[in-house]
Structure formats: structure tokens, C-alpha cells
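Chemist: can't give you the sequence, but here's the structure:
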């Protein structure tokens, strides 16, 4: 049974200095027309060059060993950079998954040849990653994965498909979870292995899935005897689940889990004005108080990561509460806006877009149901 711990923490002065530096950089990027913080998905056409400039600043792989191009800075400093990027609605998709979880996974489990080759390129903002877990017909039940990696001469042949794979069509690499052996009667987790996948290899096809917003962020990825060499196995053969769970705190606890649609709140503050109606002020104050609480919890998890701990349950709580809050946010903003006499095109477009986007938020990065199972087990309730 886990004892929950969210220690109160205030960011040190060094983090505040860094925050000013990041804000100045982002202000320059906005002034140069690289992206528009008020527009959803703005700057995607400039994402590659933006990633390289962020890399030049040393803000990708900040916590990683210097031997691989990192800065060996703190998780709290990385937190500040992530927070500022998300609040500004910056085009971070090119490097964010690699920075947040793929890089740390490679550092911990990958062959040294992979580390020396790929990690410095991630740090420079030159390559991007996607995560291949969910499959057609199995949803969030990763233990039911059927996409198979079969041993062949010199490597592995992958056959099957993954689905809902974010940005796969724009990624250079995937970290995928594939079946290498059958599960056992007493251990459904057995038989899954993590692989590095070169997305440009023959036998891999990406089929973008069109969303209600008009975007095609998600993909079905089909593997038709795609070959990956032996040293692309990441970690223990048949034992990926043991290593995957320790990495979830990196994926589930950051400010991106409650700031993804922050723009809708910012737009509402703008249209509400300096002297909002009392009912609007109360509703807005409640939303901001909830956001502040989520942030304090998330910063606390960052401090645990900095201390070398694995706060899997606390991270799951942040992700669960945070994404539910995000999912409700555009609806709550729309209700509050009904109290005002508004005719603002940008605000209306922002709310419409975020309402259409909201259903995915409690699915990506682990469904609400899966997260609550993790929390229940951690608390000894199941």
C-alpha cells in the first residue's frame, strides 16, 4: 500500500530566472510570426525550425547526462520550461514526446550505440518520437497486444498494427510495445518487449485518422514484416511491463496534463474584462483556484522525480484529475460566457475547437479507468 505524498514546494530562485529567459525567447518567436498563442495548432509549419532553436538554448534533454548532450539540470528547471511552452501554446510537438519520455527510456534501457547516436540528435531538436501501444480491438488493454515481433536472423520482424498513435506520420522513431512471447496463465504481463522502431524502415505504413476538429493528429500504423536489428530491443526481453510502469510518472504528471487547452481560459479572461459580472468572477475564480491546486500537485511530483523517486500513483492522480478538469474546462467557460453579451469571433472559435478536442483528453496517456485502477492498487483498495 502506497502512502500518498504531495509535499508543498516553491520553485527556487534559479527557476524564476529561467522562467524570464524562456518568456523572452517565446516573446521573440511570437513577434517573428513563428506561432500565434491565440490560435489552436498554430506554428505547426514552423515546428522543425522552432525545435532546433529550442535545442540551441539547451532546453531539450535538460535533465539528461552531459555524455549524451544533456545539461544535467533539475526536473524543476525542466518543469518551468514545459510550463511556459504550454501556456504560450508553442509548437512543441516535434520534440516533446522525445524529451518527456522516449529519451529517458533510452537512457535507462537502450543499447549504448542507440544512446550515442539518437540522444544528441534529440537534444538538438532534430528528431521526433511517437509511442506505439494501443491496438485495434484491444483499446487500453495493453496486455492484450497482438502485434508481434518475431526473431529472425540479425534482428526482429514486426507484423501487426498500432492505433491512435499521435504524430506517427511526422515521427522519425517510435518506441513500441510488441509481443515476443505468449502471456502465461499466472502473468498476463509476460511476453511484451519494447523496441526502438525506425519509422522510415520498409514495411511501415502510417494511415492518419481524421478528427472532428479537421486535424489528423492520430494514426493507425501498420507493420508488414518490418525489420528491426537486435540492438533495437529496449531493455529486458519479454519484460517490458516492469520497465514501462516506472516511466509513467514522466508521462503523466507534467503541466501539459492540465495546460493543453489553457488558451480557452486565457481567451475567456480577455473577453470577461477587468470588471466582470460577480457571477462570472466567482466562476472564473473557482477555475483558477482549481488550476493552482493542480499545479502545486504537479510541481510536487517534479520534486519527487528530482529526488530519484518513482511517484507512479501521485502521477496517475495528477493525470486523472488534470485531464478531467481540462475536458470540462471549455464547457464551463461556455456556460460562464453565456452570462455575458459577447460577439467575439476568436473566443467563439477557440471554445468550439476545444470542445471538439476535449473527448480525447481523458484517453491519451492512459485512460481515466486505467489510471483509477493504478491509484486503487497503490492505495491497497484492489
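Modeler: Nice, thanks for sending it over. Everything numeric here is computed off the predicted structure, so don't read it as measured data.
Chemist: Tell me the secondary structure at residue 161.
Modeler: Under the three-state scheme (DSSP: H, G, I helix; E, B strand; the rest coil), residue 161 adopts strand.
Chemist: Was I right to think it contacts residue 223?
Modeler: Yes - counting by Cβ atoms under 8 Å, residue 161 does reach residue 223; the two are 6.6 Å apart. Where you see a C-beta, it was placed from the backbone N, CA and C, and this is true even at glycine.
Chemist: got any residues that touch both of those two?
Modeler: Residues within reach of residue 161 and of residue 223 at once, by Cβ atoms under 8 Å, 6 or more residues apart in numbering, are residue 147.
Chemist: Give me the below-cutoff pLDDT ranges for the stretch 151-300 of the chain.
Modeler: For the stretch 151-300 of the chain, the stretches with pLDDT under 70 are 244-251.
Chemist: just the helices in it please.
Modeler: Ranges of helices in the stretch 151-300 of the chain, per DSSP state H, counting those that start in this stretch, are 240-252, 256-259, 262-272, 278-306.
Chemist: circling back to that earlier point, compare residue 161 and residue 223 (neighbour count), which wins?
Modeler: residue 223 (24 against 19; other Cβ atoms under 10 Å).
Chemist: ok, and the closest non-adjacent residue to residue 110?
Modeler: Counting by Cβ to Cβ, 6 or more residues apart in numbering, residue 110 lies nearest to residue 234, which is 5.3 Å off, once chain neighbours are set aside.
Chemist: so how far is residue 109 from the closest residue to residue 276 other than its chain neighbours?
Modeler: What sits nearest to residue 276 in space, not counting adjacent residues and going by Cβ to Cβ, 6+ apart, is residue 284, at 6.7 Å. According to Cβ to Cβ, to the nearest Å, residue 284 and residue 109 sit 45 Å apart.
Chemist: do the same with residue 178
Modeler: Distance, residue 178 to residue 109, by Cβ to Cβ: 15 Å.
Chemist: So which of these two has more stuff around it?
Modeler: A direct count of neighbours by other Cβ under 10 Å for residue 178 and residue 109 places residue 178 higher, at 27 against 20.
Chemist: Quick check, that one in contact with residue 195.
Modeler: Yes - using Cβ under 8 Å, residue 178 makes contact with residue 195 at a distance of 5.8 Å.
Chemist: what's the spacing between the closest residue to residue 44 other than its chain neighbours and residue 352?
Modeler: Nearest residue to residue 44, sequence neighbours excluded (Cβ to Cβ, 6+ apart): residue 91, at 5.7 Å. Taking Cβ to Cβ as the measure, residue 91 falls 21 Å from residue 352.
Chemist: got it, and residue 138?
Modeler: Using Cβ to Cβ, residue 138 is found at 32 Å from residue 352.
Chemist: Residue 136 too?
Modeler: To residue 352, residue 136 is 30 Å away according to Cβ to Cβ.
Chemist: just residue 105 next, same as before
Modeler: Distance, residue 105 to residue 352, by Cβ to Cβ: 37 Å.
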